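Colleague: have a look; sequence and predicted model below, questions after that.
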Amino acid sequence: MIVVNQQFFRKTPSAAFISALSIADCIVLCLQSLQIATKLHPRVTSYDCVVFFFMDTFRLLSVWIVCVMNIERCSLVFNLCGMPRLTSRIKSRLLVMVLFIISLLIFSHYGKHMHIQYVYDSNQTIPIRSICAFKSNFDRLTWECIRSGLTYWTTVPLCMLCNIIIIQRLHRASQIERTLNKNNLRSSYPVHPSKFTLSSKQRQLTAMLVTSSICFVLMATPSTIHSTYLLITRKFNKIHYTIHMITNILLHFHHASNFLAFIFSCPRFRIELLNLFHRYIHCQIVIHRHRRATGRTKKNPIYSTKLDKLRVNLLTSKI
């Protein structure tokens, strides 16, 4: 989020989407880690359902931000000749807020249909563990179909379609650019190809977002297919449990892979990241050494020969 809000990417509409995506991914990973730690060290808590609610909310927000970024990139590659864009910086921020409110409203029924169950010891007197579960009268199968449809069954095909369109349009634009460059070499009246090409900033942003979307499709598709199979067949043995665990880990790795995708797909992102580290090291090490050196000069008195060798501190803080 810090790198994207630097000078190079800050003025683009995609900066708001990437910042919101990084916040949502971090919250999902932190809550998932808290849930895993609670399972490894079981204890009685009162926030299990709250963790469950916010994790599903921010997971849905993260997935739909990826979809919106793909749609925004599609609007860009279709408007190579200078037509109006789909979003602006203000509209992108408003759209993120609308998606967040919609995500809260979709999962707001958890407060009514979920409760905390307690697991007691052998004497059935002292609770040793708490679990957030749906109530008995809740149709969980229907809700799982709705949740999976909103989170994965709709978004994965949409991202795949947008990626195909973006790659096809960029390939066509590169062919037009090469044709124009060849014609410019042969013609005495060169044609400027800037109307048919993306700027360097938009090219790198498109590469970043397409790489992130491809990672999402590759990591979410196995879990989506396996969850659909379990809902249809209702078979859940040891083999399917192992497959479920592997696909679930792969699905959650998507929330940690966006940063790596940005690093490997965008040279400018790497440059901005190195500049950020350089500034941090400069502030922490160089300035600290400078202060230590300044403190040493203050402790070293300089003797004046004109005032009978009186101690005169010539290097004061005011000077």
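Modeller: Right, received. Where do you want to start?

Colleague: mean confidence for whichever helix in the chain runs longest?
Modeller: Using DSSP state H, we find that the single longest helix of the chain is helix 200-233. In this model, helix 200-233 carries a mean pLDDT of 81.

Colleague: tell me the helix or strand right after whatever helix or strand I263 lives in.
Modeller: Element membership of I263 [criterion: DSSP states H and E] is helix 238-265. Next helix or strand after helix 238-265 toward the C-terminus (DSSP H and E): helix 267-281.

Colleague: quick check: mean pLDDT of that next one?
Modeller: Helix 267-281 comes out at a mean pLDDT of 85.

Colleague: list the buried residues for that helix?
Modeller: By neighbour count on 16 or more other C-beta atoms under 10 Å, the buried set for helix 267-281 is R268, F269, E272, L273. In this view, the C-beta of every residue, glycine as well, is placed from N, C-alpha and C.

Colleague: against F9, how distant is the closest residue to F253 other than its chain neighbours?
Modeller: Distances taken as C-beta to C-beta, 6 or more residues apart in numbering put M219 closest to F253, at 6.0 Å, once the chain neighbours are dropped. M219 sits at a distance of 24 Å from F9 (criterion: C-beta to C-beta, to the nearest Å).

Colleague: C266 now?
Modeller: Counting by C-beta to C-beta - C266 and F9 are separated by 9 Å.

Colleague: one more: R129?
Modeller: Counting by C-beta to C-beta - R129 and F9 are separated by 45 Å.

Colleague: for W64, phi and psi?
Modeller: Main-chain torsions, W64, degrees, to the nearest 10: phi -70, psi -30.

Colleague: my guess is it contacts T155. True?
Modeller: Yes - assessed by C-beta atoms under 8 Å, W64 is found in contact with T155 at 6.7 Å.

Colleague: so where's the stretch 101-250 of the chain shaky on pLDDT?
Modeller: 124, 184-200 (pLDDT under 70).

Colleague: any idea how far the nearest residue to F138 once chain neighbours are set aside is from C132?
Modeller: Leaving out its chain neighbours, the residue that sits closest to F138 by C-beta to C-beta, 6+ apart is H113, at 4.5 Å. As for H113, its distance to C132 is 11 Å (criterion: C-beta to C-beta).

Colleague: quick one, which of the two is more surrounded?
Modeller: C132 (18 against 13; other C-beta atoms under 10 Å).

Colleague: beta partners of Y118?
Modeller: S130 (DSSP bridges).

Colleague: number the chain from 33, please
Modeller: That works, and once the first residue is 33, the last one we named lands at Y150.

Colleague: give me every residue that touches it.
Modeller: Residues near Y150 by C-beta atoms under 8 Å, 6 or more residues apart in numbering: V76, P159, R161, S162, I163.

Colleague: list the buried residues in the helix or strand where K144 lies.
Modeller: According to DSSP H and E, K144 maps onto helix 142-145. For helix 142-145, a neighbour-count test (16+ other C-beta under 10 Å) marks Y142 as buried.

Colleague: by contact count, what packs against it?
Modeller: Packing partners of helix 142-145 (3 or more C-beta pairs under 8 Å, 6 or more residues apart in numbering; DSSP states H and E): helix 80-110.

Colleague: circling back to that earlier point, neighbour-wise, which of M251 and F41 wins?
Modeller: Just comparing M251 and F41: by other C-beta under 10 Å the higher neighbour count belongs to F41, 21 against 18.

Colleague: enumerate every residue touching the more buried one.
Modeller: Contacts of F41 by C-beta under 8 Å, 6+ apart are V35, A47, I50, K233, L237, R300, F301, E304.

Colleague: how about a cut-off of 10 Å?
Modeller: V35, A47, I50, S51, K233, Q236, L237, M240, C298, R300, F301, E304 (C-beta atoms under 10 Å, 6 or more residues apart in numbering).

Colleague: the host helix or strand of the second one packs against which elements?
Modeller: To tie it back to what came earlier, the one meant is A47. Assigning secondary structure by DSSP H and E places A47 in helix 45-72. Identification of packing neighbours for helix 45-72 by 3 or more C-beta pairs under 10 Å, 6 or more residues apart in numbering; DSSP states H and E yields helix 80-110, helix 121-138, strand 159-166, helix 232-265, helix 270-297.

Colleague: one more pass at 6 Å, please.
Modeller: If contacts are counted by 3 or more C-beta pairs under 6 Å, 6 or more residues apart in numbering; DSSP states H and E, helix 45-72 sits against helix 80-110, helix 121-138, helix 270-297.

Colleague: could you give the angle of the longest one to helix 270-297?
Modeller: The one in question is helix 80-110. Calculated by axes from the mean of the first three to the mean of the last three C-alpha atoms, to 10 degrees, helix 80-110 forms an angle of 50 degrees with helix 270-297.

Colleague: could I get the buried residue list for helix 80-110?
Modeller: Buried residues in helix 80-110 (16+ other C-beta under 10 Å): 80-81, 83-102, 104-106, 108-109.

Colleague: now do that helix: distance to the chain's middle.
Modeller: Here the centre of helix 80-110 is set off from its chain's centre by 9 Å, with C-alpha atoms, centre = their mean, to the nearest Å.
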